[in-house]
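**Student:** next come a sequence and a model predicted from it.
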Amino acid sequence: MARIHFSKNRDAVAGVIEALLLVALVSVVLSTIQLIYVPQTMEQREADHMDEVENQFSFLKSVIDLQSMVGENVPISSPITLGSDELPYFVTARAFGQLDVIDESRTSSRITSDFISGITLTSIRYEAFNAYYIDQIYILEGGSVIVKQPDGETVIIEPSIKFENRSTEIRIYYSLPLIKGVEGKNSISGYKNQFIRTNYSSKTTYAGATTFIRIYTDYLDAWNDSFNKMLEEEINNGYILVRKYPLSSPQYVSITTGTKNLYLELAVNNIGAQIGPGYIFT
């Protein structure tokens, strides 16, 4: 009768354990990368994208200022990057954005004075929908570039305004772009590059002495802080007063006379704007 002999061999068991440990090590490394380094990388990508949008809005403002100054109907396209892609091979999310032309039909913001019943304060507005970085909104309103985020808002580029401090009055010369959109080409969302096409149409100038200038806007803090910085010397000397008003529930930024009179020259430049390709009819 044949006998069967069994012998102990632990080599196979050791190999299986090594494979399991390697798989566990790889899983730990990938999990660490996914949970820690990928969010940090994506946050930095979205922060870089916000810096890019800021530069693009600076370029857009310079284009509109140049078109207003030259006064020629020369269409120029300015790029705006709406969002950013996800990171390949990892579980990440895209960042999206929305771009809008806020013309006279889409806003109640305006500027008034003794001799101006109401000039609409139009804007070009970009809103970011980030997955990792804080959401931000960039607005080109009244010739200034404003950034708004959950903790506040500020003007990062001042409008085209010049001040003259004369013996008896403060003179304000303001070049105001009045954005006119095109139906069907005034809004877009997504994550790819888009172009906003602008052109100069015409100019109307209003000028005269006034006791007040009022700016009705959705960004009261930004406008108020901006004018208080630009007119710091005149305000400190009591020549004029800049504040949000009414004090209890502010609805506008008020610039009023102090010990000196106010004189306003407002040059309203009509600027056509549309998102995407095509022609602007003026």
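**Tutor:** Looks like it arrived, so ask away. Numbers count the residues shown, from 1 in each chain.

**Student:** quick one: which helix or strand includes the residue nearest the centre of the chain?
**Tutor:** Nearest to the mean C-alpha position of the chain, by Cα atoms, centre = their mean, lies Tyr138 at 0.8 Å. Assessed by DSSP states H and E, Tyr138 sits inside strand 137-141.

**Student:** who does the helix or strand that that strand is followed by pair up with?
**Tutor:** Later in the chain than strand 137-141, the nearest helix or strand by DSSP H and E is strand 144-149. Strand 144-149 pairs in its sheet with strand 137-141 (antiparallel), strand 152-157 (antiparallel), by DSSP bridges.

**Student:** so for Lys192, which of these sits nearest?
**Tutor:** In terms of Cβ to Cβ, the element of the strands paired with strand 144-149 nearest to Lys192 is strand 137-141, at 17.3 Å. (Each C-beta comes from the backbone N, C-alpha and C, glycine too.)

**Student:** what residues does the nearest residue to Ile139 once chain neighbours are set aside make contact with?
**Tutor:** Leaving out its chain neighbours, the residue that sits closest to Ile139 by Cβ to Cβ, 6 or more residues apart in numbering is Ile146, at 4.5 Å. Going by Cβ atoms under 8 Å, 6 or more residues apart in numbering, Ile146 touches Tyr138, Ile139, Leu140, Glu153, Thr154, Val155, Ile156, Tyr219, Ala222.

**Student:** do the same with Ile213
**Tutor:** Contact analysis of Ile213 by Cβ under 8 Å, 6+ apart lists Ile111, Thr112, Ser113, Ile172, Ser254, Ile255, Thr256, Leu262, Leu264.

**Student:** these in strands, which ones?
**Tutor:** Among the contacts of Ile213, the members falling in strands (DSSP state E) are Ile111, Thr112, Ser113, Ile172, Ser254, Ile255, Thr256, Leu262, Leu264.

**Student:** output those in JSON lines, with distance to Thr120 and pLDDT appended to each entry.
**Tutor:** Output for those, formatted as JSON lines (distance: Cβ to Cβ, whole Å; pLDDT from 0 to 100):
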{"residue": "Ile111", "distance to Thr120": "8", "pLDDT": "97"}
{"residue": "Thr112", "distance to Thr120": "11", "pLDDT": "97"}
{"residue": "Ser113", "distance to Thr120": "14", "pLDDT": "97"}
{"residue": "Ile172", "distance to Thr120": "19", "pLDDT": "97"}
{"residue": "Ser254", "distance to Thr120": "19", "pLDDT": "97"}
{"residue": "Ile255", "distance to Thr120": "18", "pLDDT": "97"}
{"residue": "Thr256", "distance to Thr120": "22", "pLDDT": "97"}
{"residue": "Leu262", "distance to Thr120": "21", "pLDDT": "98"}
{"residue": "Leu264", "distance to Thr120": "16", "pLDDT": "98"}
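
**Student:** cool, thanks, talk later.
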